[in-house]
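>>> let me see the structure of the following:
(one chain, ligands or ions: 1)
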Amino acid sequence: MKKYIEQLLADIKYSTENVSLPFIENRLELHNWRSEEEEDKTAPVRNLEEWTGICKQQLPPSEMLNDEQVQNLHDALIKMLDAYNWSFVLQTEVPLRIQYACIRDNFNQEAKVKQEYMGFFQLCHEGTEHGKCALEKYCQCAFYADLFSGFINEDLTAEEERARELEIEITHLKRKHGDEWMKYYPYHLDAKYDDENGNPYDYGFEENDNGNWWRS
Ligand SMILES: [Zn+2]
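Reported below is the predicted structural model:
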């Protein structure tokens, strides 16, 4: 098993360092700016196993692994998924073994090739009952359902909706970036950063005085 795990870790590392992103050529053209929703709808889809070259079947069930092996495989897979911008992100604390089981169980999934916005590894098979997926009682869908259950019949004003988005985004950033999360602060969602013309952080494209910012 030891030899096998070593080879598997090497394969995952290779895949992490050799991501093929076939549709990248348009990425910095301003007129191609897309909203997150738009990118989500139009992003090319690739099967994660084919894209990464790592198959679910190569990943041993966690019962066959010792703690160190689970830890190493978990860390390598997280890093690989980040490299593919198809990140494995949880909103709550989940034991490592269960995280690994979740990645393994869901690994044969369709991933979106996203350029501008983050993509997220799907944690449940579609149609799975809450709490019955590989995450068991840590099921994230159940967590979200809970989080939103109080709001479903509520008509939110645009401001309230924005404030809620900010809250959710911050939770997510803290989980993903740890102490570094402020670097990714979603200014566009924070009403405190609005000026009289709305929010100057919207879209992230600001022309400077001479309008030649893209040449500098
Ligand atoms: Zn679930």
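
>>> near the ion, which residues of this structure are found?
Residues of the chain lying near the ion by C-beta under 5 Å from the ion: 124, 133, 139, 141. Any C-beta I mention is one placed from the backbone N, CA and C, and that applies to glycine too.

>>> and these as a markdown table, adding pLDDT, neighbour count and distance to Leu189?
Output for the residues of the chain next to the ion, formatted as a markdown table (pLDDT from 0 to 100; neighbours: other C-beta atoms under 10 Å; distance: C-beta to C-beta, whole Å):
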| residue | pLDDT | neighbour count | distance to Leu189 |
| --- | --- | --- | --- |
| Cys124 | 85 | 20 | 26 |
| Cys133 | 88 | 20 | 29 |
| Cys139 | 88 | 22 | 27 |
| Cys141 | 81 | 16 | 23 |
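
>>> just the ones of those residues in strands?
Using DSSP state E to define strands, no part of those is located there.

>>> may I see the residues you listed organised as JSON lines, with distance to Gln109 added?
What follows is these, written out as JSON lines (distance: C-beta to C-beta, whole Å):
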{"residue": "Cys124", "distance to Gln109": "10"}
{"residue": "Cys133", "distance to Gln109": "13"}
{"residue": "Cys139", "distance to Gln109": "16"}
{"residue": "Cys141", "distance to Gln109": "15"}
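
>>> return the closest of the residues you listed with respect to Glu6.
When the residues of the chain next to the ion are ranked by distance to Glu6 (C-beta to C-beta), Cys133 comes first, at 30.0 Å.

>>> so who does the closest one touch?
If you count contacts by C-beta atoms under 8 Å, 6 or more residues apart in numbering, Cys133 has them with 102, 105, 123-125, 139, 141.

>>> again, only using 7 Å
By C-beta atoms under 7 Å, 6 or more residues apart in numbering, the contact set of Cys133 is 123-125, 139.

>>> farthest-separated two in these?
Most distant of those, by C-beta to C-beta, are His125 and Cys139, 11.6 Å apart.

>>> and the longest helix seen in the chain, what's buried?
Looking across the chain with DSSP state H, the single longest helix is helix 158-177. By neighbour count on 16 or more other C-beta atoms under 10 Å, the buried set for helix 158-177 is 162, 166, 168-170, 172-173, 176.

>>> kindly export the worst-scoring helix or strand of the chain on mean pLDDT (C-alpha atoms) in PDB.
When each helix and strand of the chain is scored by mean pLDDT, DSSP states H and E, helix 140-149 comes last, with a mean of 75. In PDB, the C-alpha atoms belonging to helix 140-149 read as follows (Å, rounded to 0.1, in the frame of the first residue of the first chain):
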ATOM      1  CA  GLN A 140     -23.400  21.000   3.500                       C
ATOM      2  CA  CYS A 141     -26.600  21.100   1.600                       C
ATOM      3  CA  ALA A 142     -28.400  20.500   4.900                       C
ATOM      4  CA  PHE A 143     -26.300  23.300   6.400                       C
ATOM      5  CA  TYR A 144     -27.400  25.700   3.600                       C
ATOM      6  CA  ALA A 145     -31.000  24.600   3.700                       C
ATOM      7  CA  ASP A 146     -30.900  25.400   7.400                       C
ATOM      8  CA  LEU A 147     -29.200  28.700   6.900                       C
ATOM      9  CA  PHE A 148     -31.800  29.900   4.400                       C
ATOM     10  CA  SER A 149     -34.900  28.300   5.900                       C
END
